[in-house]
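**Q** everything below, folded, please.
(3 chains)
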Amino acid sequence: MCGGLFARRGLFLTRLVLAGKPSPPRGDVAARARNEVVLVLGQRKLLQRLVPGLMHAFIFWGFLVLFPTIVMAAISAVDKHATIPWLGHQGWFMALVDVFVLLVLAGVVTAVAIRKVVRPQRFAGSHRGEADLILALIAGVVLTLLCWHAARIAAGLNEWPAHESFLSNALSRAFPHGPVLERLFVWAHLCFIFGFLAYLPYSKHLHIATAVANVWLARTRARGKLLALRFDLPDDELRFGAGTVADLTQKEILDAFSCTECGRCQDACPAHATGKILSPKLLIMGIRDQVFAQSTEPIVGNGVPEEMIWDCVTCGACVEACPVSIEHIDHIVDLRRQRVMVDSQFPAEAEPMLRDVERSANPWGKPQTERAAWADELGVRVLEPGDPAPEYLYWVGCAASFDERAKKSAESTAKLLAKAGVDFAILGPREACTGDPARRMGNEYVFQGYAEQNVATLNESGVTKIVASCPHCFNTLANEYGDFGGNYEVLHHTELLAELVDSGRLQPKAGSESITYHDSCYLARHNDVRLEPRKLLNVIGQPVEMKRSGKQTFCCGAGGAHMWMEERGKPISEERAREAVETGAETLAVACPFCTVMLDDGVKGVGSAMRVADVATLLAESIDAG
Amino acid sequence: MKRVPLTGGKMVLTADEQAIETRHLGFTISPHEECAVEEAVRLVEANGGETVVLTLGPAAAEEQLRDSMAIGADRAVLLKTDGVEWDAQATAGAIVDAIRAEEPFDLILFGNESADASNYQVGIRVAYALGLPVVTGLKKISLEGAQVRCECDAGGARDVYVVPMPAVLTVLEGLNLPRYPSVPGRLRAKSKPLAVSEPARPPSQLEKLRLVVPAGQGKQAEILGEGPSAAPRVVEVMQSLGVA
Amino acid sequence: MSTLVFVEPDDDLSLQALAFARTLGDVRAVSLDGAYAPAAWAAAIVSAAQGADTIVAAGSDRGNELLAHVAARLDKPFAANVTRIDGDVVTRIRWGGSLLEEARLHGSPRILTVAPHTHAAEAAGAPIELLVPDASDASPRVLERVEEQAGGVSLRDAKVVVSGGRGVGSAEGFAIIEELAGLLGAAVGCSRVVTSAGWRPHADQVGQTGTKISADLYVACGISGATQHIAGAKGAKKILAINSDREAPIFASADYGVIGDLHEIVPAISAELRKVRG
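**A** Alright, predicted model coming up:
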């Protein structure tokens, strides 16, 4: 009967997932298999928090090790004297079972202590009652298992050497020798198991079925790459993002079913940390509830408050933190796409940016004729149509071309490349916005217009290698333009500069300045570039790390088109600036024009005089000083 | 409506001094008529009917016509030129011919003046040629049966006209806030009807000889200081101007 | 050479146009009163202009409208916002003043309006004739004038305007702009980006397609200085620009500048004003 309930619900949920819009085919099998081993079996993301990680690992590994005992109990329920061939007779296995029963119980007790005593913030909004019930059921399962084994020994029915399973053996001494207790406990055990089974697909414990699949399907690399929409389809096949649950992709539905409400994403979210209402956890839970209800209402406004989707800076801390590989950014961008492209409803202050990107090819609406003005006195080659392609195309980006604070990094980079004798050129006015701000805002249509235009410009010019000083440009050029026929070897400027220093073409002087480095989300987290900037800073000065660095970096607040949107609550940039100032370093090094501007504002906002400078600028200064 | 370039901070002319150098510049619908297109779409949404958007311009002006259809105009007419600028009188003449070839319109909307040439007369000339009443500089339009109530700024007040339709109205930016086009709208616009014709350009009566960038664009401000420490100096200047 | 000039009473721009017209030769100044009816008034002007070789008015909203009517009625060319005339070659304004056009004005009479603030005003001198429009003319006329419940200083008439642009960052950010404006008895203005972003109403917009101001001082905070904005601001006698980008185009149109973050500088100016006032 329980099996029937489980199966029926399971079929219902499976049908819901399959009803989703197709997600693209996933290659890279080796990396996916590795993720299964490391993330699922190895519980790596969970173990980043040691105590809760071990707690869960014990329970999870316990579940794996104890699984055969379920089969044994089922067999034994039918035939008192039967068990699994061979394994049922192994004393070492039963000893292992005893050990894991203890570990699971330790896990359950720890979990209860965390939930009831420590009460971490990340559970705010989660269904704690449900969690308590699940913990009780788990405890019930292992306790009845232990008692059953003990009773089996007491009744003399054990197929394995009793003394090897030390715990069951010890407990068996407390049990009477009759057969009744053994039958009682085996059925009790099976009741817990089957009850749990029936309850499972109605609860967040569903994740044990979906997590394995979800980890398999998640991105293995290029986590900053969004999935492209197609606009050249017949009307009834067009998808403009996620309006109702009917628009969600299969992966998005599986994401929603995999959420355990653990709140690690909520803890990691910079918007949440600074008082915005966005919680990636509540967002996914909201979507999940809409899916379960098979709602035909728009998700935004019914499962997910509108403000939430605009608070996001697409930093990916949530995705990085999630132990079951939920990809929250896809959800948020898909919800934004519907609001921007179909409903034309989005924060009004972003409208000028979208119009400017579309009409003037840059988000500030400045004339493209002035895009290369920063390079006027530097003798930088501007690539005209028909010119021979340079070895490297230096993609400057809109920010470094037009923003007075970000221009410095372009000037420094150009000077350094020239000094190292690198054959490079810029596109100047022909370099149009990569479209990143429009795409993160949700206007996939405008983005694709620029993707196609830029790919055409690059391909016609014969460029194969690109160096970009902006991580957003870098991410789009390296990972996203491939969908539009643009396949280039793309380096971030710190990567190329590190190469040049390594090979001796640039020779910085060692310095004693204390420098702390802020990892850009799009560089360090989405694209795994963390070493090269540090290589440079190790040579230039005395680096000191912030606590939230590398993959755990804390956003500057400009991503997700937030450079152009108002921010409610406390500024994310000041939150991060405070952390930088607290290191006591003299200089805050960055590798992104957005981070430069945001953190410069942030540092001033917290009243510090700390200098914020791009790695390229610091490198150039250390070379000039030599 | 008219396709105009987005010029930014400086004016740069072509070598022959006949036009602004528009290579690498973006283009848009001139601001006043962007509001006119939005108003037309709103009126038709509220009252039924059809919006036709028309421009005299180069082939590239199709971009602006499709943008108009993306927000709801039903069809478009392109009076295609070879890129050379037409003067206001000639423009009005071509528009009159195109309108005469159509079914009669209840309202013909224009921007009060184009952002670039700013001749202030095309709408008025069209009205005279068609024998229709014309009201200009409008900030508000509302239909009242077979009439239209129009308001324009007059000092600190609003002047109100009520005119019978059919009528010609010219509008100013501020009439409304043009909507942001939806992507389904843009996709539909790609297949909405666009009629193209190539009127012959008559000799110009206001004959452009050349364009000139006025001197004095190279003015350099006296920098009073940097940051908040400049405040006392600023107040000094304000006092010397008699405003503080 | 005889010129017919349409003037409006007590209007500085009309007196500028009159001064311009006098440089061409004999001048006959006319006006009309009563409910404004552009087509009817234009018909009266056309009648009065029999024998004149030039018809002139100020390049104000009304002047441009009336002479466009006149030109349409006569089917003759019309040059709006002329800064000078040399024989039959006019120099006129484009792009709100950021570009000039030299053009040959064919036909007779020459119909043109005079670009505002390009000529010094002169007193009327000779009496102004009052024309009477045809009472049976059924063309549109002003039915009523609705006074606006505008609180505060009108942008068009303000002696001082404090204006904010993209750099202000948000609607709430305008609080410091309003504060300074309050201390100076000034009107608050903004650039087009600000109205597109929905932070301020279009009535506050200074620019080619917004309000053209004629203040004694225009304070532009966080405004980059696109030509369309300057077109609305250049009527001000003096311009003070506050911007963090020392290469922003506005500094090429401003008389004074302060480099830095307006969020720090504007409150500092307000504080300094309070301080000197005691």
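**Q** so where's the longest helix in the chain?
**A** Since you didn't name a chain, this refers to chain A. If you go by DSSP state H, chain A has its longest helix at helix A:50-78.
**Q** wrong one, I was asking about chain B
**A** helix B:31-47.
**Q** report the angle between the axes of whichever helix or strand comes after that helix and helix B:31-47?
**A** Next helix or strand after helix B:31-47 toward the C-terminus (DSSP states H and E): strand B:52-57. Angle between the axes of strand B:52-57 and helix B:31-47 is 160 degrees (criterion: axes from the mean of the first three to the mean of the last three CA atoms, to 10 degrees).
**Q** what's strand B:52-57 in contact with?
**A** The contact list for strand B:52-57 (CB atoms under 8 Å, 6 or more residues apart in numbering or on different chains) reads B:1-3, B:37, B:40, B:61, B:64-65, B:68-69, B:73-81, B:86, B:91, B:94-95, B:98-99, B:102, B:105, B:199. The way it works is simple: take the backbone N, C-alpha and C, and place the C-beta from them, glycine included.
**Q** for stretch A:72-79, same thing?
**A** With contact meaning CB under 8 Å, 6+ apart, stretch A:72-79 is reached by A:82-84, A:88, A:145, A:148, A:186-187, A:189-190, A:193.
**Q** so which strand or helix has residue A:197?
**A** Per DSSP H and E: residue A:197 is located in helix A:180-199.
**Q** that helix relative to helix A:50-78, how many degrees between them?
**A** Angle of helix A:180-199 versus helix A:50-78, following the same axes, to 10 degrees, is 120 degrees.
**Q** how far does helix A:180-199 sit from the chain's center?
**A** Here the centre of helix A:180-199 is set off from its chain's centre by 39 Å, with CA atoms, centre = their mean, to the nearest Å.
**Q** average model confidence for it?
**A** For helix A:180-199, mean pLDDT is 89.
**Q** what packs against the next helix or strand after that helix?
**A** Tracing the chain past helix A:180-199, the next element assigned as helix or strand by DSSP H and E is helix A:207-217. Counting contacts by 3 or more CB pairs under 8 Å, 6 or more residues apart in numbering or on different chains; DSSP states H and E, helix A:207-217 is packed against helix A:29-35, helix A:250-258.
**Q** quick one: buried residues of the first one?
**A** It stands for helix A:29-35. A:32, A:35 (16 or more other CB atoms under 10 Å in any protein chain shown).
**Q** which helices and strands does it pack with?
**A** On a contact count with 3+ CB pairs under 8 Å, 6+ apart, helix A:29-35 meets helix A:207-217.
**Q** tell me the mean pLDDT over the helix it packs on?
**A** 92.
**Q** give the residue spans of chain A that score low on pLDDT.
**A** Where chain A drops to pLDDT under 70, the residues are A:625-626.
**Q** mind naming the longest strand for chain B?
**A** Longest strand in chain B by number of residues, with DSSP state E as the criterion: strand B:134-144.
**Q** show residues contacting it.
**A** So strand B:134-144 is in contact with B:39, B:43, B:46-47, B:112, B:123-124, B:127-128, B:148-153, B:158, B:161-163, B:167-172, B:174-175, C:38-39, C:61, C:65, C:140, going by CB under 8 Å, 6+ apart.
**Q** what residue in chain B comes nearest to chain A?
**A** For chain B, the residue closest to chain A is residue B:8, as judged by CB to the nearest CB, at 3.2 Å.
**Q** and that residue, what does it touch?
**A** Contacts for residue B:8 (CB under 8 Å, 6+ apart) come out as A:365-367, A:369-370, B:25, C:226-227, C:249.
**Q** and the pLDDT at it?
**A** Residue B:8 is given a pLDDT of 81.
**Q** how far away is the spatially most central residue of chain C from chain A?
**A** Closest to where the C-alpha atoms of chain C average out (CA atoms, centre = their mean) is residue C:212, at 4.6 Å. Counting by CB to the nearest CB, to the nearest Å, the gap from residue C:212 to chain A is 21 Å.
**Q** how about that residue, nearest residue that isn't a chain neighbour?
**A** With sequence-adjacent residues excluded and distances taken as CB to CB, 6 or more residues apart in numbering or on different chains, residue C:212 is closest to residue C:232, at 4.8 Å.
**Q** sweet, I'm off.
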